[in-house]
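Chemist: My questions concern the predicted model and sequence given below.
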Amino acid sequence: MQNILILGIGRSTYYLLQYLNDFIASNEVVIKAIDVQLELVEKRTKEFSNISFVQSEITANSLEKEITHADIVVSMLPPAFHAMVAALCLKSQKHFFTASYVSAEIKAMQEQAESSDLLFMMECGLDPGIDHMSALSLIHTLKGKGATITSFESFTGGLVHPSYTNPPWNYKVSWNPRNVVLAGQGADAQYKHDGVIKVVPYTQLFAHPTTWSISTTDVYEGYPNRDSLSYQSLYDLKDASTFERGTLRYPGFCKGWNYIIQLGLTNDVIQIPEDAGRTGNSFLSQFLPRSVGTLEEKLVDVCGTKDVVPYLEALGLLEDSPIATMAGTAAQIFQTIIEKEWRLQQSDKDRIVMIHRLRYELNGENKLVQSSLIVDGEDAERTSMAKTVGLPLAIAIDLFLQGKIKNRGVVIPIYTEIYSPILERLKSFGVVFKEVVG
């Protein structure tokens, strides 16, 4: 008998749970899921009868007790918890699966995990995950034809469906809102363009977005991810003169977010005291100069343009309406604002967009191929984000239980024997790429 333990059953787990419930749970495979939210545990219990759901605090002590009884541990917790969970899995000799990036702490566990015959499968969601798998499938296909790839660009966005946009931002939260607020912080973005390594500091990250389009109506803008260069060797494209991975948004978002950064609303260091009378405009006023003038005039003074006003109006920051009163960083308080203003309504649909653009030489000709993916959600819970994050991980668990993944150590899905069956299975769930060669 195999025992699977799932940690966290929040925003991105609906389809993971559905797949495990429908295709894996059996007399031979027992699945248990833990979350701190009692209301969510009760809801999921009614939805997925083949999984046992338990409410529990998420602490090292409580998790260690649960992990000792599992064979496979799946962490859908916030990224800050993954290293702790992975260390507990190493201690208890358990396999570990997550959709999140490989951190330096977990990368350091590679040798010990491999020598213990353990699989630590990571970066097996959407981005990272499907981006790796679909890109490598295309790269290996082109190389198999004898092509030399000279340029690789890959951009992904978790967006709202065009029918449910909210101008001027045209964005709603379908994943971890803290990650939305802190996007791009922590390290400068680095990528290669025409043979030159480009370095983009956080303060400039949203200032110069690039344009991406799938059709005349499907047009997006993109900004670079923090770390593109480390993937160039993993993709075996060391000789490509351009290599960039990035994030997509609808046109106009980057302009607005650049204003937010200029104002300091994403600062996650300085603590702001509790304020029982805090409102949108009193919070914003803390980040504006003490010069004479209206709130709007001070905004224009800081940002240099009146264009900032509608972006702040749409977030309620020019109003005298109550907002979160707790002590916290600007980023934490601002997060409560976007959670409210950018909340997916129950009938709203989200959209996932992924675009790979490769230039290559084949038989003496220079060519361009663009491979794109659009996946639309069904409602605010059965989102395309949940589908594209959860299903690849669920399918990887399925393959592992069948003995079809032989890799051990800290692994990401860059191997044909892993990504090929996952991509094939995803097609049956509507996750299908379209290629256009120009």
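Modeler: Looks like it came in fine.
Chemist: how much distance is there from the longest helix anywhere in the chain to the middle of the chain?
Modeler: The longest helix of the chain (DSSP state H) is helix 384-401. Between the mean C-alpha point of helix 384-401 and the mean C-alpha point of its chain there is a distance of 14 Å (C-alpha atoms, centre = their mean, to the nearest Å).
Chemist: Which positions within it qualify as buried?
Modeler: Taking 16 or more other C-beta atoms under 10 Å as the basis for neighbour counts, the residues of helix 384-401 that come out buried are 384-401. All C-beta spots, glycine's among them, are computed from the backbone N, C-alpha and C.
Chemist: For the spatially most central residue of the chain, give me phi and psi.
Modeler: What sits nearest the mean C-alpha location of the chain, by C-alpha atoms, centre = their mean, is Asp127, with 5.4 Å. Main-chain torsions, Asp127, degrees, to the nearest 10: phi -140, psi 90.
Chemist: Verify the stated contact: it with Thr156.
Modeler: Yes: here Asp127 reaches Thr156: they are 4.1 Å apart, a contact under C-beta atoms under 8 Å.
Chemist: Overlap of the contact sets of those two?
Modeler: Applying C-beta atoms under 8 Å, 6 or more residues apart in numbering, one finds that Asp127 and Thr156 are jointly contacted by Thr247, Met354.
Chemist: all helices for the stretch 201-350 of the chain, in order.
Modeler: Using DSSP state H, counting those that start in this stretch, the helices assigned to the stretch 201-350 of the chain run over residues 230-234, 253-263, 280-285, 295-303, 308-313, 330-341.
Chemist: separation between the residue lying farthest from the centre of the chain and Lys298?
Modeler: Relative to the centre of the chain, the most outlying C-alpha is that of Val292, 42.0 Å out, by C-alpha atoms, centre = their mean. In this view, Val292 and Lys298 are 9 Å apart by C-beta to C-beta, to the nearest Å.
Chemist: now swap in Leu318 and tell me
Modeler: 11 Å.
Chemist: Can you classify Phe152 by secondary structure?
Modeler: When the structure is reduced to helix, strand and coil (DSSP: H, G, I helix; E, B strand; the rest coil), Phe152 reads as strand.
Chemist: Below-threshold pLDDT in this protein: ranges please.
Modeler: For the chain, applying pLDDT under 70 flags no range at all.
Chemist: what do you get if the cut-off is 80, keeping everything else the same?
Modeler: With pLDDT under 80 as the threshold, the chain has low-confidence stretches at 175, 292.
Chemist: Enumerate every residue touching Ile323.
Modeler: By C-beta under 8 Å, 6+ apart, the residues touching Ile323 are Arg278, Thr279, Gly280, Phe283, Gly316, Ile333, Thr336, Ile337.
Chemist: Would you reformat those as JSON lines and include distance to Ile4 and neighbour count?
Modeler: Formatted as JSON lines, the contacts of Ile323 follow (distance: C-beta to C-beta, whole Å; neighbours: other C-beta atoms under 10 Å):
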{"residue": "Arg278", "distance to Ile4": "44", "neighbour count": "18"}
{"residue": "Thr279", "distance to Ile4": "47", "neighbour count": "17"}
{"residue": "Gly280", "distance to Ile4": "44", "neighbour count": "20"}
{"residue": "Phe283", "distance to Ile4": "43", "neighbour count": "20"}
{"residue": "Gly316", "distance to Ile4": "43", "neighbour count": "19"}
{"residue": "Ile333", "distance to Ile4": "38", "neighbour count": "21"}
{"residue": "Thr336", "distance to Ile4": "34", "neighbour count": "16"}
{"residue": "Ile337", "distance to Ile4": "37", "neighbour count": "19"}
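Chemist: Among those, which one sits closest to Leu16?
Modeler: Relative to Leu16, the closest of the contacts of Ile323 is Thr336; by C-beta to C-beta it sits at 27.1 Å.
Chemist: My read is that the closest one contacts Ala324, right?
Modeler: Yes: taking C-beta under 8 Å as the contact criterion, Thr336 and Ala324 are neighbours in contact, 3.9 Å apart.
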